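Visitor: Have a look at this prediction, sequence included:
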Amino acid sequence: MMRKFIHLSSSTLLLAVLVIFSSCDKNDNFTPFFSVEDDKALGAQVSQEIANDPSFDLIAQNENPDAYAYINGMVNEILSSEEVAYREEFAWEVTLIDNDSVLNAFATPGGYIYVYTGLIKYLETADALAGVLGHEIAHADLRHTSRNLQKQYGVSLLLSIALGDDPSALQEIAGQIAGTVAGLKFSREFEAEADDESVLYLADTKYACNGAAFFFQSLLDENQASPPEFLSTHPSPENRVADINATADEAGCDTNLASGTEYDAFKALL
């Protein structure tokens with residue numbers, strides 16, 4: 001069981017206070033006990049745990065280089081937005097998961113992004129996929145998992161990791177995240193933040209800036225009584241479509257669909 005309380009000496013506590021008040025998150029949304037380097041280390045560890053888990057049927061880059069060229073190009077275009085605070089620091093590595101029955105995508109700390117083939121085949125336009133990717137990039141860029149960890153484990157454990165006093169704890173947390181990451185749930189506040197950021201990210205691209213709304217609109221159009229499991233605690237699709245479109249209106253960005261047949265060709269590769 002994860003230890004929730006660790007004794008820290010007075011000198012360590014003083015150093016911890018100095019670390020906290022000398023640290024600032026680029027997004028100015030919380031006081032981090034995890035540094036950006038800790039996010040990167042945790043993300044790399046989670047990525048390794050997922051790679052070692054046979055339940056994730058990962059598609060290697062060399063197995064389908066054309067598909068990866070397409071989705072990496074899309075991610076790189078989104079990352080060109082100056083709204084992405086950690087676009088230079090995080091890995092932003094995309095991995096495709098071969099499972100046509102799952103409508104899901106998720107991101108770990110440090111910018112490791114995973115997308116199921118089922119979601120790609122379900123989405124009808126490149127704009128919709130760009131919106132989902134923007135949303136997941138926002139979860140990593142806004143450091144939502146780190147913010148959740150602070151609530152879940154408390155200050156003492158995270159400070160011990162940040163100060164290098166308990167290196168095994170990072171691996172233990174990574175294993176727990178990897179075990180639940182496909183069903184990772186964020187608060188309504190975090191989902192709304194990620195939706196809003198996705199609009200701002202896509203505003204600098206060729207894709208419709210409200211692309212994230214298209215997935216939820218598809219669910220509404222199909223009148224799905226039960227949304228996919230990973231949406232079960234999220235705000236309702238109706239509210240998300242309205243809120244995303246309102247953010248796009250406020251930003252005054254382009255909501256016209258990107259033209260071209262490249263997306264259909266991309267889906268045919270999977």
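Guide: Yep, it's here.
Visitor: all helices of the stretch 51-200 of the chain, in order?
Guide: For the stretch 51-200 of the chain, applying DSSP state H, counting those that start in this stretch gives helices covering 65-79, 117-122, 126-141, 144-162, 167-180, 188-202.
Visitor: which of the ones you listed sits most buried?
Guide: When the helices of the stretch 51-200 of the chain are scored by mean count of other C-beta atoms under 10 Å, the highest mean neighbour count falls to helix 126-141 (a mean of 26). Every C-beta, even on glycine, is put in place using the N, C-alpha and C of the backbone.
Visitor: just checking, what packs against it?
Guide: Helices and strands in packing contact with helix 126-141 are listed as helix 65-79, strand 105-108, strand 112-116, helix 117-122, helix 188-202, helix 212-221, helix 262-268; criterion 3 or more C-beta pairs under 8 Å, 6 or more residues apart in numbering; DSSP states H and E.
Visitor: Quick one: closest of these to residue 35.
Guide: When those are compared by C-beta to C-beta, strand 105-108 sits nearest residue 35, at 16.2 Å.
Visitor: ok, that closest one: who's next to it in the sheet?
Guide: strand 112-116 (antiparallel) (DSSP bridges).
Visitor: Now find how far off-centre the strand it pairs with is within its chain.
Guide: Computed by C-alpha atoms, centre = their mean, to the nearest Å, the separation of strand 112-116 from the middle of its chain amounts to 8 Å.
Visitor: pull the CA atoms of it into CSV?
Guide: What follows is strand 112-116 as a C-alpha-only set of coordinates in CSV (Å, rounded to 0.1, in the frame of the first residue of the first chain):
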residue,chain,number,x,y,z
TYR,A,112,2.9,10.7,-23.9
ILE,A,113,-0.3,10.4,-25.9
TYR,A,114,-2.1,7.2,-26.7
VAL,A,115,-4.9,6.9,-29.2
TYR,A,116,-7.1,3.8,-29.9
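Visitor: any idea of the angle it forms with helix 126-141?
Guide: Using axes from the mean of the first three to the mean of the last three C-alpha atoms, to 10 degrees, the interaxial angle of strand 112-116 with respect to helix 126-141 works out to 140 degrees.
Visitor: List of residues touching strand 112-116?
Guide: With C-beta atoms under 8 Å, 6 or more residues apart in numbering as the contact definition, strand 112-116 has outside contacts at 43-44, 46-47, 50, 56, 71, 75, 91-97, 99-100, 102-108, 132-133, 136-137, 140, 181-182.
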